[in-house]
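*Asks:* My questions are about this predicted structure, shown below with the sequence.
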Amino acid sequence: MTMLTEAQVWKALEAVPDPEIPVISVAELGIVREVQVQGGAVRVVVTPTYSGCPATEVIGEDIRAALVRAGATTVDLEWRLAPPWTTDWIGEAASEKLRAYGIAPPGERAASATQPLRFVSRRIACPKCGSNETERVSEFGSTACKALYRCRACLEPFDYFKPI
Ligand SMILES: [Zn+2]
């Protein structure tokens, strides 16, 4: 009989890349909320990132396949929509990986809806040269969850992972 440990399950999840940003895993993205293991039966609670994100289905299949490879006999995958996923759940190590990949990691969310100006005036540092002299080119980058920015120092365009 298969006996998986919770640590083994997390290790397997750390090897499942996010379909849109392959340098970070679904575990690092913070979408895996709970893991329960009983013998070979694994139950995973996952909160999707952006609602309606086409990658959601792929993520579910990838998680299932990875856990079966790790030795799970059954995988019970639960999608939990509340509380909604926030970019605050992305770990510090993952933020560094995003930067290395050329994507500016999400900043902190606006403290409240009553302070939109403060949020808008935030400077997004260029992931390539670190300059704060950047400008937003478009609200949407390569995917809806990213905005397109350009660095005035090195002139390189880059994606900014929008905080939600
Ligand atoms: Zn730059």
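*Replies:* Received, thanks.
*Asks:* buried stuff in stretch 156-164?
*Replies:* By 16 or more other C-beta atoms under 10 Å, the buried positions in stretch 156-164 come out as 158-163. Where you see a C-beta, it was placed from the backbone N, CA and C, and this is true even at glycine.
*Asks:* roughly how far apart are the closest residue to E139 other than its chain neighbours and the ion?
*Replies:* In space, E139 comes closest to A147 once its chain neighbours are excluded; the distance is 5.5 Å by C-beta to C-beta, 6 or more residues apart in numbering. Distance, A147 to the ion, using C-beta to the ion, to the nearest Å: 16 Å.
*Asks:* again, but for I59
*Replies:* 31 Å.
*Asks:* Could you do L67 as well?
*Replies:* 40 Å.
*Asks:* Residue numbering should commence at 179 henceforth.
*Replies:* Got it, first residue is 179 now, which makes that one L245.
*Asks:* What helix or strand is that residue located in?
*Replies:* Using DSSP states H and E, L245 sits in helix 233-247.
*Asks:* and if you look at V253?
*Replies:* Using DSSP H and E, V253 sits in strand 252-257.
*Asks:* Name the strands paired with that strand and say parallel or antiparallel.
*Replies:* Its sheet considered, strand 252-257 pairs with strand 219-224 (parallel) by DSSP bridges.
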